[in-house]
Each structure stands twice: as C-alpha cells, then as structure tokens.
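Asks: with the sequence up front, the predicted model follows.
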Amino acid sequence: MPDPVREFWAHLSPDRLDRAVTGLGRKPALVRAAALAAPLLARDTATAADFGCGTGQLSLHAGTPRILGVERAAVLAVRAATRMDHVAIAELRQLSFPAEAFDVGFLLFVLDDYPDKGPIVSEALRTLKPGSTLVLAAYSPRDQHMGYLGSNAPVRPQPGTLRVWLEDIPGLRRLLRQHGCCVTHGERISSGYRVNANEFAERVARRQGVCLGVARDLVRDAGITDWVRREFLVLSGVKR
Ligand SMILES: C[S@@+](CC[C@H](N)C(=O)[O-])C[C@H]1O[C@@H](n2cnc3c(N)ncnc32)[C@H](O)[C@@H]1O
C-alpha cells in the first residue's frame, strides 16, 4: 500500500531538513527538548534514543553524539550518522529493540504526520524503562508555517506534500497518558522567520492548489507581511 509519509521523507534531501531547523525557526524547540533531558544525558550510563531522528539535529543541540538515532529514511540516516554514534534504520511502529531498554526517549516532530499517533507512541514507550523520560515536540495548531505550507490547511494539500494532523497540549497530554506516560511539563515555544509575503503566497498557492489571489487573501488574513510566526509544543513525561 502506498505510504505518503514514507515517500515524502525518503525523497527529502538532508540539506532541506537541516534548513527546516536552522532557517525556518525550529531550532529553539530542539534546544529546549535537549535541555529538558540534559541532566539525564549527562549521566555516563544513561541510554537515549531519538525516534525519527532525521539528520540528527538533536545531537548537535544536546552537545552529545551518545544518542541512538532511529530513522526510516536511509538518506537522512546517513547524515545523522555523522552526528550520532549509532543510527538504526527502523520503522517506528515496529521496533526490534527489547522492552525497557532506554532511560530517555525523544519523539521530535514525528507524530504530526500521523492522524493515528497511538502506534508510534506506544512502541516508543515500550522500549523505555519505567520511570524514564519521554520528550516530545510537535507543531502547534497555531504554527503559521505548517498551517499554510504543511498543511493542516484551510484548503487541500497537493500530491508530494504532507498533510499534518496537529494536536494542542491537552490532546498530546491525553495521548501520552493513554499509553502509560504521565506528562510533567508542557510549554509553547515561539519563534519565526523572515519572508516576502508575495513569495510566501506563491508557495501557498502551489502547496494548497489554489489560485494566487486566494493564496494572497489567506496570507493577508493571517497577518503575514514579512514574518511567519512559528509555535511549537514541547512536553516531557515520565513512563509509569
Ligand atoms: C519532521 S522530521 C523530524 C526529524 C528530527 N526529529 C528533527 O526534529 O529534526 C520527521 C522524521 O521522522 C521520520 N519518520 C516518520 N515516520 C517514521 C516511521 N514510521 N518510522 C521511522 N521514521 C519515521 C522521517 O523519516 C523524518 O526523518
């Protein structure tokens, strides 16, 4: 069966994913996610896994390569391997790691691609020890970039672009609780990036398959003139 999420990431260049972090305002969320786990990562004996590690940006911001990257897209895993000591190519919904293997787990900007987030959360939590920490980052439903380009769109996304399925903090908290993880911290992180409103509208028109006039109206109504406001959610919880 075709899997649009797999297809999308399998064909994304590592440079483009790196730019999404450094050029499109996502970096503060990764820095915060790393900081929430810093005391645990500092322990020599702690084992950590970054589920859906992409290009391994977390390791750069955590300042340590001692995190196991888990990634399905080979081209991204190759870049991650330059930043992390070990990277495993794996499907997150069916991991071969034993139960209760890790002290810290990260799920950063992975769940947003899935309407049904349960299988990924439950499989990640299966591999965490009781009492260990899960750090989760996601796009806020108020994130303008994902809203217009992602898209959780007012209009339809085009083939080759990803539909995103965004939850706010209460929904994510509920989801983690259902899978045996008690959220102890949840926050919103804001940032942004500079744009030219006309160019942004052209991208919106292409991504959402609407005419330029409609896209310009959407962009103007969203208050986007020269700045796209980003909002991320970062949560951490303890596995029961
Ligand atoms: C938005 S990127 C986030 C990358 C990284 N966590 C970051 O924050 O920079 C989502 C990543 O999750 C991976 N991914 C999505 N679904 C996956 C699955 N079912 N199994 C393994 N990896 C998956 C994608 O290949 C992609 O690298």
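Replies: On my side now, so go ahead.

Asks: how close does the residue sitting nearest the centre point of the chain sit to the ligand?
Replies: By C-alpha atoms, centre = their mean, the chain has its centre lying nearest to residue 109, at 0.7 Å. Distance of residue 109 to the ligand, given as C-beta to the nearest ligand atom, to the nearest Å: 4 Å. Backbone N, C-alpha and C define where each C-beta goes, glycine included.

Asks: quick one: pLDDT of that residue?
Replies: If you check residue 109, the pLDDT there is 98.

Asks: tell me if I'm right that it and residue 24 touch.
Replies: No. Residue 109 lies out of contact with residue 24 (C-beta atoms under 8 Å); the separation is 11.5 Å.

Asks: coming back round to it: which residue, neighbours along the chain excluded, lies closest to the residue nearest to the centre of the chain?
Replies: residue 137 (5.6 Å; C-beta to C-beta, 6 or more residues apart in numbering).

Asks: can you tell me the strand partners of the one helix or strand that neighbour maps to and which way each runs?
Replies: Following DSSP states H and E, one finds residue 137 within strand 128-139. Sheet pairing of strand 128-139 (DSSP bridges) gives strand 102-108 (parallel), strand 227-239 (antiparallel).

Asks: would you mind identifying the next helix or strand past that strand?
Replies: Using DSSP H and E, the first helix or strand after strand 128-139 is helix 144-145.

Asks: who's in contact with residue 83?
Replies: 55-57, 59-60, 65, 69 (C-beta atoms under 8 Å, 6 or more residues apart in numbering).

Asks: quick check: beta-bridge partners of the closest residue to residue 108 other than its chain neighbours?
Replies: Distances taken as C-beta to C-beta, 6+ apart place residue 137 nearest to residue 108, at 4.2 Å, with adjacent residues excluded. Residue 137 has these beta-bridge partners by DSSP bridges: residue 108, residue 234.

Asks: contacting residues for residue 137?
Replies: The contact partners of residue 137, taken as C-beta under 8 Å, 6+ apart, are 29-30, 32-33, 106-109, 232-235.

Asks: and residue 8, by the same measure?
Replies: Contacts for residue 8 (C-beta under 8 Å, 6+ apart) come out as 113, 160-162.

Asks: from these, keep the buried residues only.
Replies: 113, 161-162 (16 or more other C-beta atoms under 10 Å).

Asks: which SSE is the most far-flung residue of the chain relative to its centre in?
Replies: Of all residues in the chain, residue 213 has its C-alpha farthest from the mean position, at 31.1 Å, by C-alpha atoms, centre = their mean. For residue 213, the host element (DSSP H and E) is helix 212-221.

Asks: over to residue 125?
Replies: helix 118-126.

Asks: list the helices and strands the helix ranked longest in the chain packs on?
Replies: Ordering each helix of the chain by length in residues (DSSP state H) puts helix 27-41 first. Counting contacts by 3 or more C-beta pairs under 8 Å, 6 or more residues apart in numbering; DSSP states H and E, helix 27-41 packs against strand 48-51, helix 57-62, strand 102-108, strand 128-139, strand 181-194, strand 227-239.

Asks: list the contacts of that helix.
Replies: Helix 27-41 is contacted by residues 21, 46, 48, 57-58, 61-64, 66-67, 103-104, 106, 108-109, 133, 135, 137, 185, 187, 189, 191, 232, 234, 236 when judged by C-beta under 8 Å, 6+ apart.
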